[in-house]
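Novice: Quick one, what's the 3D model for this:
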Amino acid sequence: MVCRTESQDIVRIMKKEYQVPELSVGTPWHRLALAVCSGAMIGFAFPPSPFYSLGYVGFIPFFLLMGTIRSGWQFLRYSYLMLFVFHLITVYWTAGYTHMKDPWLMASGTAILLVHPLFYWPGMILTWLVRSRLGLLAGLGGFLVFWVSSEYLHSITEFAFPWMALGNSQAYDLYRLQLVEYTSTYGLSALLITFNILGFMLIVHVATGTWGMRSRLSYSLLGVLAILYIAPLLYGKIVMSRFEEKPSRRHLNIGVIQPNIDPWEKWGRGYDDKFVAYEQQLEMLTEKTGELRSQKPDLVVWPETAIPFPILAPRNVSRWSILRARLDSMEVPVFTGLPYTVWYDSLHAPKTANRIFDSNVFYENFNSATLLYPGRDVGVIYRKVILVPFGERIPYAEFLSFLIEPLKWNVGIGMWGIGKDTVVFALPVDTTRVHFSAMICYESVFPDYVRNFVLRGAEFLVIITNDSWWGNTSGAYQHASYASLRAIENRRWIVRAANGGISGFVDPVGRIHEKTSMYTEATITGMIVPSDERTFYVRHGDLFALLCLFCSGLFVILALSTKTKTTEL
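Specialist: Numbers count the residues shown, from 1 in each chain. The predicted model follows:
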């Protein structure tokens with residue numbers, strides 16, 4: 001009883017003291033324009049657009065719309081429109097419309113555009129609950145914590161797709177990006193939404209005459225907005241200048257091969273014998289690696305599935321022997337992506353394993369990576385843990401095995417197995433060992449997953465990927481830019497090797513060095529510095545996101561604790 005009375009007092013105070021003036025928008029067409037405008041501004045804040053500052057104002061039209069709507073269903077419809085436009089601009093490339101080579105790719109990409117906006121609806125429903133019961137200002141606060149909580153929750157299941165986390169839009173703003181060593185992308189998302197909320201309040205109060213343009217409250221809010229925008233910029237400049245002043249330590253010389261192989265021909269399309277294509281690719285990779293030998297690299301990195309067939313399987317022992325002899329003669333360690341096959345008997349085979357005819361032998365292929373060191377046996381194999389939903393694996397396939405065949409992508413090896421653990425590789429250098437870990441493609445978008453490599457002792461990180469499936473569109477540029485966030489979060493050098501671009505070396509403050517162009521054949525080398533530093537984010541993880549999740553629960557409890565719905569704004 002006491003708790004209910006206290007919560008009702010809080011509600012009355014919020015309504016009375018901090019009420020936003022009543023708003024109105026003339027026609028449904030005006031509301032439509034606001035939703036489209038908001039989605040477009042948020043979408044164009046993302047790479048490769050240089051207009052990342054749109055993220056600071058992109059939600060203001062949507063908040064104006066939110067303040068004029070009285071129906072929850074109407075709010076959800078306009079929310080979907082805003083989110084659809086956001087998706088259309090940001091991830092249009094997932095459907096492969098630019099080349100039209102793969103119907104399954106087009107179908108799955110179209111599904112992302114149409115269906116994925118619905119993943120935001122739980123947060124929107126809760127936003128409307130708070131807005132309708134506690135007023136618009138509380139609804140805006142709820143929107144902030146619900147949005148950040150949704151980003152976090154959408155990164156921890158097999159349906160995970162954190163590609164569109166709002167903080168990712170700022171990947172080109174390296175100065176302000178330095179904040180992610182404390183909060184990851186979630187803190188950036190919160191900063192952007194907070195700025196939008198305060199900007200919206202200032203505009204509404206001044207436009208409605210509640211505050212004068214030169215009033216104390218207007219100046220105060222302008223001051224807060226200035227601090228939110230300028231303080232992270234100054235902090236970032238200080239951090240980056242300190243990085244320049246750090247004394248240099250032992251460097252590693254790393255080579256990267258960008259072979260630029262057509263992603264469809266890579267798997268043998270257009271060849272009568274696909275092994276002809278495979279052998280040509282290996283010939284190119286070993287030749288390019290040999291060219292780097294004179295530079296005495298400590299490691300050469302090949303891209304994701306650079307070896308496009310399970311070369312370590314017993315049936316390919318002769319091909320493996322030839323490649324091994326070439327690499328041993330070069331005396332150059334190579335880190336490469338490759339498919340890896342695990343065999344099972346009928347008692348131990350997972351439900352997603354493939355059966356060999358009517359035998360009791362089953363197998364699973366894994367998108368994998370390993371370190372090939374001259375004169376030594378193949379060591380540990382890292383099997384990709386986070387797979388692209390539907391593209392590489394049906395989410396929760398062990399429970400939905402009937403969908404595997406109908407939804408299998410018939411390019412490369414469909415329906416990959418899912419790895420179980422992270423791996424830290426030990427690279428012998430002179431008399432010591434340097435430890436590193438690798439992310440395969442999509443895994444590099446997951447902050448907490450990458451953080452775990454550093455917790456286990458990785459002194460630098462590697463990203464191997466094949467971003468050539470979607471043509472010269474936004475996808476590859478977005479993926480490459482997100483490496484800057486992972487570098488800053490962990491303060492680690494990142495070596496990035498992509499089949500057709502973008503390859504390069506990302507330093508601990510997010511700058512990309514020796515950056516290659518898309519769809520070019522390239523061989524690059526760079527000096528990197530291993531580190532054992534542990535940032536706040538490495539030590540504490542997604543503490544900020546969990547705090548937002550906790551605040552989300554408080555907002556819901558507060559909204560449900562009052563039975564009186566309000567139409568106040």
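Novice: In three-state terms, label Lys266 for me.
Specialist: helix (DSSP: H, G, I helix; E, B strand; the rest coil).
Novice: isn't it right next to Pro308, touching?
Specialist: Yes. Judged on Cβ atoms under 8 Å, Lys266 makes contact with Pro308 at a distance of 5.5 Å. C-beta here means a position set from N, CA and C on the backbone, and glycine is covered the same way.
Novice: Surely Trp147 is within a helix?
Specialist: Yes. Looking at Trp147 with three-state DSSP, it is inside a helix.
Novice: quick one: low-confidence ranges for the stretch 251-400 of the chain?
Specialist: Low-confidence segments of the stretch 251-400 of the chain (pLDDT under 70): 398, 400.
Novice: Oh, that last question was meant for the chain, not what I typed.
Specialist: 1-26, 99-101, 245-249, 398, 400-414, 563-569.
Novice: what do you get if the cut-off is 80, keeping everything else the same?
Specialist: The model of the chain has pLDDT under 80 over residues 1-27, 95-108, 244-249, 268-270, 272, 358, 390-415, 563-569.
Novice: which residues touch the residue nearest the centre of the chain?
Specialist: Nearest to the mean C-alpha position of the chain, by Cα atoms, centre = their mean, lies Val445 at 2.7 Å. Counting by Cβ atoms under 8 Å, 6 or more residues apart in numbering, Val445 makes contact with 162-163, 479, 482.
Novice: All the helices of the stretch 401-550 of the chain, in order from the start?
Specialist: 447-455, 474-490, 536-540, 543-560 (DSSP state H, counting those that start in this stretch).
Novice: Just say which of those is most tucked in.
Specialist: Most buried of the helices of the stretch 401-550 of the chain, by mean neighbour count (mean count of other Cβ atoms under 10 Å): helix 474-490, with a mean of 24.
Novice: so how far is Ser169 from Pro50?
Specialist: Going from Pro50 to Ser169 by Cβ to Cβ, to the nearest Å gives 12 Å.
Novice: Any chance of the helices of the stretch 401-550 of the chain in a markdown table with distance to Gln281 as columns?
Specialist: Formatted as a markdown table, the helices of the stretch 401-550 of the chain follow (distance: least, Cβ to Cβ, whole Å):
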| stretch | distance to Gln281 |
| --- | --- |
| helix 447-455 | 28 |
| helix 474-490 | 20 |
| helix 536-540 | 37 |
| helix 543-560 | 41 |
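Novice: Quick one: closest of the ones you listed to Gly223.
Specialist: Taking Cβ to Cβ, helix 543-560 is the member of those nearest to Gly223, at 24.4 Å.
Novice: Of the contacts of Val445, which pair is most distant in space?
Specialist: Farthest pair in the contacts of Val445, by Cβ to Cβ: Pro162 and His479, 12.3 Å.
Novice: For Pro530, grab phi and psi.
Specialist: phi -60, psi 150 (degrees, to the nearest 10).
Novice: which residue ranges form the strands in the chain?
Specialist: For the chain, strands defined by DSSP state E occupy the ranges 252-258, 299-301, 334-345, 354-355, 361-372, 381-383, 425-429, 432-440, 460-465, 494-498, 504-506, 512-513, 522-528.
Novice: Of the ones you listed, which is nearest Leu64?
Specialist: The minimum distance between Leu64 and the strands of the chain falls on strand 512-513, with 37.4 Å, by Cβ to Cβ.
Novice: mind listing what the closest one pairs with, with the direction of each?
Specialist: Paired neighbours of strand 512-513 in the sheet (DSSP bridges): strand 504-506 (antiparallel).
Novice: Now tell me what touches the strand it pairs with from outside.
Specialist: Contacts of strand 504-506 (Cβ under 8 Å, 6+ apart): 254, 256, 480, 483-484, 486-487, 493-496, 512-516, 524, 526, 528.
Novice: before we move on, what about stretch 234-245?
Specialist: Contacts for stretch 234-245 (Cβ under 8 Å, 6+ apart): 174-179, 507-509.
Novice: So which of the residues you listed wins on neighbours?
Specialist: Most neighbours among the contacts of stretch 234-245, by other Cβ atoms under 10 Å: Leu177, with 27 neighbours.
Novice: Who are the contact partners of that residue?
Specialist: Per Cβ under 8 Å, 6+ apart, neighbours of Leu177: 170-171, 188, 236, 484-485, 488, 510.
Novice: Next: Leu292.
Specialist: 255, 300, 332, 523, 525.
Novice: Also Asn316?
Specialist: Here Asn316 is in contact with 309-310 (Cβ under 8 Å, 6+ apart).
Novice: Now the buried members of the contacts of Leu292.
Specialist: 255, 300, 332, 523 (16 or more other Cβ atoms under 10 Å).
Novice: Taking those residues together, which two end up most distant?
Specialist: Every pair of the buried ones among the contacts of Leu292 checked by Cβ to Cβ; the farthest is Val332 and Thr523, at 12.5 Å.
Novice: Now list whatever residues contact both of these two.
Specialist: With Cβ under 8 Å, 6+ apart, Val332 and Thr523 have common neighbours 255, 292.
Novice: can I see the domain layout of this structure?
Specialist: 2-244+543-560, 252-336+418-529 (automatic domain parsing).
Novice: Let me see the contact set for the closest residue in space to Leu105 that isn't next to it in sequence.
Specialist: Spatially, and ignoring its direct neighbours in sequence, Leu105 is nearest to Gly96 (4.2 Å; Cβ to Cβ, 6 or more residues apart in numbering). By Cβ under 8 Å, 6+ apart, Gly96 lies in contact with 102, 105-106, 109, 469-471.
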